[in-house]
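Q: Give me a 3D structure for the following:
(2 chains)
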Amino acid sequence: MHPSASVGLEPLRQPPGTVQGTGGVAVSLLGLGRDLARTRVLDDLDLHIPAGQFLALLGPSGCGKTTLLRLIAGLDGPDRGAINLDGDGRAKAYVFQDACLLPWRRVLDNVALPLELSGVPKAKRHAIARQLIATVGLGEAVDRFPDELSGGMKMRVSLARALITQPRLLLLDEPFAALDEFTRQYLDDHLQALFLEHGMTVVFVTHSIAEAVFLADRVIMLTPRTGGIVLDHWVDLPRPRDRGTRVSAAYLAHIQRLAEALTSGVVAA
Amino acid sequence: MIGSVLAAWLPPLLSFAGLTLALEIGLWLSDIPSYLMPRPSEVFIALHVHGADLTRGILRTTLAASAGLSASAILGVVAAIALSSNDWMRRAFYPYAVFFQTVPIIAIAPLLVIWFGYGLKTIIAVSFIVSVFPIVANTLSGLLSTDPALRDLFRLHQAGTLTTLVKLRIPAALPQFLTGLRIASGLAVIGAIVGEFVADDYKDGGGIGTVVMVSIKEFKIDKVFAAVLMASLLGLVFFALVNLIGRFTMRRWHIAETRE
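A: Okay, here's the model as predicted:
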């Protein structure tokens, strides 16, 4: 039952190019507000995310990051304000906090699920899923069941499932938070590669400043209560970012800037 | 392999042999007459002497309990799906499912005789009534406790109610359904025996419950014990079969769920 090392952390493969980049969609939030259990979780939030931007939402637990992400995904409706997506609002994908795989399905059928739900014939969706699974380095695990995979492998299956519809807006809710640092960095690298290839808009919720700086073009920090924007910080580090980036002075400076903002934000609240 | 089989079977076999022996010696030393409490050896002899009678009875009971359990499984799942479909349905009709649980079956069994007459039909009905509730309750809770993130995933991809039911909620409820089935398997056997007490038509000597009743009247206490032993074994076999089904269907996921 233990996943073998052979399909553990393989080096990133060049994607075969079957899943082509489709660009991103721009997202505009206007005066957005949401109340949950009579508490203002989000209030009067204005934010424009240009097409193809990698945005990280940063903030402590309970600041409304997940609520905001669910609103953008359309899984929840706002109490005030509006959300506008330019273009096809259906071309979005969501990666949950844990892998959320169907335990009774093989990796192949888990990844193919979104296509199955939109009526793509079996042979076709399996072919697409197989290729995508190979690009996330799980080619040998297509016929395994989720129970037979490690946490990092499950998360990669979840990522592949999100990408199979060629989303133009990819929403991720602390996807790698439960993983060890080594696996997390590997998946961060991987996510960046996918982003550079497909050019979709990404909204990435995290509570790790380092991860936000490494991945994002722009970091939005929310206040602990009544989520409003404390800080809108642009990260101008060149891409592709790699191991060198993680030890560069510029990278560390960004982290320091955000850490200071986080501290003062908490104090202010 | 042989070692692990031995480790699994040896302790219960040893304890059974030990208790039987202790009971045998204890009863032999005491002055309790065997028409009140027969010695194990007398029960084993009765098993042998009345073997044909007991086998016929247990087979009839097996038939009734299997039919009752199957009806419970099918109708119980249908009821759970209907109840899970919306809040109003659940509030309006779930109390009836609870009623099936709390109704004193002994009290209404004679009523069932009036409705369905003496015979297998009524015995199956009793077995069904006694065993259906755990399946409804467990399957329902399984259907209602689908991982919210997975429901969001299906919603995000515009899956309809029926698709979500078939591809997500029903398979996700499988472990709870199997738990219900496990509880129901024992109850179905008890229900069949109670049904036989009240409603057996004595065809071919009747079921094992009838054998118990008749033997009591004939004062063959050793045969009563032999019949009770057979009935317990039947319950055990039912339980083991359901466990086997569970282990087979779930071997790939929730592995801990199938350990018993």
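
Q: the helices in the chain, which residues?
A: Since no chain was named, I'll use chain A. A:65-73, A:107-117, A:122-135, A:151-163, A:181-198, A:209-215, A:243-247, A:249-268 (DSSP state H).

Q: not quite, I wanted chain B
A: B:2-29, B:40-49, B:51-85, B:87-102, B:105-116, B:120-144, B:148-156, B:161-164, B:170-172, B:174-199, B:208-217, B:221-249.

Q: rewinding a little: can you say which of the helices of chain A is nearest to chain B?
A: The closest of the helices of chain A to chain B is helix A:107-117. By C-beta to the nearest C-beta, the value is 4.2 Å. In short, each C-beta sits where N, CA and C put it, glycine included.

Q: starting at the chain centroid, how far to that closest one?
A: Relative to its chain's centre, helix A:107-117 lies at 19 Å (C-alpha atoms, centre = their mean, to the nearest Å).

Q: The closest residue to chain B within the stretch 101-250 of chain A: neighbour count?
A: Chain B sits closest to A:Pro103 of the stretch 101-250 of chain A, with a gap of 3.4 Å, by C-beta to the nearest C-beta. A:Pro103: 17 surrounding residues under other C-beta atoms under 10 Å in any protein chain shown.

Q: in terms of contact, does it touch A:Leu149 like I think?
A: No. Counting by C-beta atoms under 8 Å, A:Pro103 stays clear of A:Leu149, with 10.6 Å between them.

Q: interface residues of chain A facing chain B?
A: A:1, A:70, A:73-75, A:90, A:92-94, A:96-98, A:100, A:102-104, A:113-114, A:116-118, A:145-147, A:165 (C-beta under 8 Å from any C-beta of the partner chain).

Q: quick one: which of the helices of chain A has the weakest pLDDT on average?
A: Of all the helices of chain A, the segment with the smallest mean pLDDT is helix A:249-268, scoring a mean of 81.

Q: and that helix, C-alpha only, in PDB?
A: C-alpha atoms of helix A:249-268 as PDB (Å, rounded to 0.1, in the frame of the first residue of the first chain):
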ATOM      1  CA  ALA A 249      18.500  39.300  -1.600                       C
ATOM      2  CA  ALA A 250      15.600  40.700  -3.600                       C
ATOM      3  CA  TYR A 251      13.400  37.700  -2.600                       C
ATOM      4  CA  LEU A 252      14.300  38.100   1.000                       C
ATOM      5  CA  ALA A 253      13.600  41.800   0.900                       C
ATOM      6  CA  HIS A 254      10.100  41.100  -0.400                       C
ATOM      7  CA  ILE A 255       9.500  38.600   2.400                       C
ATOM      8  CA  GLN A 256      10.700  41.100   5.000                       C
ATOM      9  CA  ARG A 257       8.500  43.800   3.600                       C
ATOM     10  CA  LEU A 258       5.400  41.500   3.800                       C
ATOM     11  CA  ALA A 259       6.400  40.200   7.300                       C
ATOM     12  CA  GLU A 260       6.500  43.800   8.600                       C
ATOM     13  CA  ALA A 261       3.100  44.500   7.000                       C
ATOM     14  CA  LEU A 262       1.600  41.400   8.500                       C
ATOM     15  CA  THR A 263       2.900  42.300  12.000                       C
ATOM     16  CA  SER A 264       1.600  45.900  11.800                       C
ATOM     17  CA  GLY A 265      -1.700  44.600  10.300                       C
ATOM     18  CA  VAL A 266      -2.300  42.300  13.200                       C
ATOM     19  CA  VAL A 267      -1.400  45.000  15.700                       C
ATOM     20  CA  ALA A 268      -3.800  47.500  14.000                       C
END
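
Q: Packing partners of that helix?
A: Under the contact criterion of 3 or more C-beta pairs under 8 Å, 6 or more residues apart in numbering or on different chains; DSSP states H and E, helix A:249-268 touches helix A:209-215, strand A:218-222, strand A:229-234.

Q: How far off centre is the first one?
A: Which is helix A:209-215. Worked out by C-alpha atoms, centre = their mean, helix A:209-215 lies 12 Å from the chain centre.

Q: How about stretch A:114-128?
A: In terms of C-alpha atoms, centre = their mean, the centre of stretch A:114-128 is found 23 Å from the chain centre.

Q: Would you indicate which residues of that stretch are buried?
A: Applying a neighbour-count criterion of 16 or more other C-beta atoms under 10 Å in any protein chain shown, the buried positions in stretch A:114-128 are A:Pro114, A:Leu115, A:Glu116, A:Leu117, A:Val120, A:Arg125, A:His126, A:Ile128.

Q: what do you get for stretch B:106-123?
A: B:Ala109, B:Leu112, B:Val113, B:Phe116, B:Gly119, B:Leu120, B:Lys121, B:Thr122, B:Ile123.

Q: To A:Val230, which of the helices of chain A lies closest?
A: Among these, the nearest to A:Val230 by C-beta to C-beta is helix A:249-268 (4.4 Å).

Q: Please work out which residues outside the closest one touch it.
A: A:58, A:60, A:209-210, A:212-214, A:219, A:221, A:223-224, A:230-231, A:233, A:235, A:237, A:241, A:245 (C-beta atoms under 8 Å, 6 or more residues apart in numbering or on different chains).

Q: now stretch B:45-54
A: B:Pro38, B:Gly205, B:Ile208, B:Val211, B:Lys220, B:Asp222, B:Lys223, B:Phe225, B:Ala226, B:Ala227, B:Leu229, B:Met230.

Q: Closest one of the residues you listed to B:Phe44?
A: For those, the residue nearest B:Phe44 by C-beta to C-beta is B:Ala226; the value is 8.0 Å.

Q: check contacts around that closest one.
A: By C-beta under 8 Å, 6+ apart, the neighbours of B:Ala226 are B:Val43, B:Phe44, B:Ala46, B:Leu47, B:His50, B:Leu54.

Q: want to throw the residues you listed into JSON lines with pLDDT and neighbour count?
A: Converted to JSON lines, these look like this (pLDDT from 0 to 100; neighbours: other C-beta atoms under 10 Å in any protein chain shown):
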{"residue": "B:Val43", "pLDDT": "91", "neighbour count": "23"}
{"residue": "B:Phe44", "pLDDT": "92", "neighbour count": "17"}
{"residue": "B:Ala46", "pLDDT": "92", "neighbour count": "22"}
{"residue": "B:Leu47", "pLDDT": "91", "neighbour count": "18"}
{"residue": "B:His50", "pLDDT": "91", "neighbour count": "19"}
{"residue": "B:Leu54", "pLDDT": "92", "neighbour count": "23"}
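
Q: and of those residues, the nearest to chain A?
A: B:Leu54 (41.8 Å).

Q: Torsion angles phi and psi at A:Ile164?
A: The phi/psi pair for A:Ile164 (degrees, to the nearest 10) reads phi -70, psi -20.

Q: what sits against it?
A: A:Val19, A:Val111, A:Ala112, A:Pro114, A:Leu115, A:Arg125, A:Ile128, A:Ala129, A:Leu132.

Q: If we only consider the residues you listed, which is nearest to B:Ala8?
A: Checking the contacts of A:Ile164 one by one against B:Ala8 (C-beta to C-beta), the nearest turns out to be A:Val111, at 38.8 Å.

Q: Compute the number of surrounding residues for that closest one.
A: Residues near A:Val111, counting by other C-beta under 10 Å, number 31.

Q: And for B:Ser4?
A: 8.
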